[in-house]
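Colleague: Test case, fold it:
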Amino acid sequence: MLVLLLTYLEASEPEPVNWNPSYMETDKIALGSFVFFELWEKAFPEEIEKTNVPPYEFLTGEQEGTYFFLNNYLNFDDAELEKLLAWVEEGNTLFLSSGYYSENLLDTLNLEVATRVPGLDFTSMPSLGLVHPELNPGTQYVFDHETELRYFSKIDSIDTVLGIADLSEINDPTKAFPNFIRTGFGNGNIYLHTTPEAFSNYFLLKEENFRYIENVMGYIDPEARMYWDKYYKSGKSFYTSSLYILLGNKALKWAYYFVIAGAVLFIIFEGKRKQRAVPVVEPLKNQTYEYSKTISDLYIEQKKYKSLAEKKIEHFYDHIRRHYRLDTTVINEKFYVDLAAKSNNRLEETKQLFGFLRDVLQKTEISNVELQELNHKINSYKTPKNE
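Modeller: Got it, this is the predicted structure:
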């Protein structure tokens, strides 16, 4: 019951706001750009072209218009930046909105970016405004969520400040911090903006904040072709998990979790090892005797008495080596004495036995009677009678 109650409470809670930076035109999360792109696309449906490749591949020399970049960071490599700036020099427009720019871009444009430190109240909610008198200079637009205020701490003399920002109300525009500038580059223009959060769904859906972006976009030629960058985006443009359908739907997601919880409970309570009857395993039978008997019968049937005699003698020598620890490679007087003493047999009997063994080994063939006599003598010697 406790688990069910906790599951119900967890399922009935409202989903927390996702503050991960995305800036994808398809994302409806707080820092997605679905609202901005939808409004822009409705206003100029035939003038916007999306690009999924980096600028180095996209710019082939045939494009003309405005290249729009929106993300929490923009990091161009040297070759890519060189191609972008060459494209701007031809009379095109580059619009960049990002909190962090690559060092090569800032060095080329002689710019520096810094972060505004919060005051005594430790809040960091930027107020945004525009400088041009015809673009509502007295109107302030607040991003009422904690975020960094990035601004241009150093600008070139040829740059034009278009927008300003501060962490409190902008009472004196001369003391506010520039966050939106324009710089000429060849025959074209570069617009740089340090507050990409202003293009987010959260900002645009608050009161009259959409007018700020409306005025910012007023600097871009509406008749020019727009190129929307999808390559430099923090949000993913594809699903990496095969469970995205289940996890994307609240009801299916909790049903999936219940299945997993049920499987875990089954493993805990029903998956325990149960005692089963231990089967009786019969020990393997020693078939050595039966095997030897079969082989010997085969030799006898084929009348290979000499071969059987050799194996019998060989087996007897092995018996001497294992039981009496005597070397059978050299058979002399000392060997006879040691074997007779260790086997408790008389020396004369020992010599007679080995003389008989030599005679058998020297013969080409032996009879069945001689084989039986050999067997009798060896067995008698192994079990001598005590005198």
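
Colleague: outside of the longest strand seen in the chain, which residues touch it?
Modeller: The longest strand of the chain (DSSP state E) is strand 177-185. With Cβ atoms under 8 Å, 6 or more residues apart in numbering as the test, strand 177-185 has contacts from 85, 88-89, 94, 109, 116, 126, 128, 130, 149-152, 155-156, 158-166, 189-195, 216, 219. Using the backbone N, CA and C atoms, a C-beta is placed for each residue, glycine as well.

Colleague: How many residues are close by the nearest residue to Ser98 once chain neighbours are set aside?
Modeller: Among residues not flanking Ser98 along the chain, Leu74 sits closest, at 4.3 Å (Cβ to Cβ, 6 or more residues apart in numbering). The number of residues packed near Leu74 is 19, by other Cβ atoms under 10 Å.

Colleague: So in terms of bridging, what pairs with Leu74?
Modeller: Beta-bridge partners for Leu74, by DSSP bridges, are Tyr101.

Colleague: which of the contacts of strand 177-185 are buried?
Modeller: 85, 88, 94, 109, 116, 126, 128, 130, 149-152, 155, 159-166, 189-195, 216, 219 (16 or more other Cβ atoms under 10 Å).

Colleague: Among those, which are located in helices?
Modeller: Judged by DSSP state H, the buried ones among the contacts of strand 177-185 include 85, 88, 216 as members of helices.

Colleague: OK, contacts around Glu169?
Modeller: Glu169 neighbours (Cβ under 8 Å, 6+ apart): 127, 140.

Colleague: The chain should start at 36 in everything you say after this.
Modeller: In the new count, where the first residue is 36, that last one comes out as Glu204.

Colleague: in which helix or strand would I find it?
Modeller: When elements are defined using DSSP states H and E, Glu204 is found to belong to no helix and no strand.

Colleague: just checking, Tyr340 touches Thr399?
Modeller: No. Using Cβ atoms under 8 Å, Tyr340 makes no contact with Thr399, being 11.2 Å away.

Colleague: Between the two, which is the more surrounded one?
Modeller: Taking other Cβ under 10 Å, Tyr340 and Thr399 do not tie; Tyr340 has more neighbours (21 against 5).

Colleague: can you tell me which residues contact that one?
Modeller: 334, 400-403, 405-406.

Colleague: switch to 6 Å and redo it
Modeller: 401, 403, 406 (Cβ atoms under 6 Å, 6 or more residues apart in numbering).

Colleague: Can you say which of these are buried?
Modeller: Applying 16+ other Cβ under 10 Å to those flags 401, 406 as buried.

Colleague: Among the contacts of Tyr340, find me the one that's closest to Pro318.
Modeller: The nearest member of those to Pro318, counting by Cβ to Cβ, is Leu406 at 34.9 Å.

Colleague: Let me know the secondary structure of the spatially closest residue to Tyr237 that is not a sequence neighbour.
Modeller: In this structure, Tyr237 finds its nearest non-sequential neighbour in Ala65, 4.1 Å apart by Cβ to Cβ, 6+ apart. Put simply, Ala65 is coil when judged by DSSP: H, G, I helix; E, B strand; the rest coil.

Colleague: so Ala65 makes contact with Leu239?
Modeller: No. With contact defined as Cβ atoms under 6 Å, Ala65 does not count as touching Leu239 (10.8 Å).
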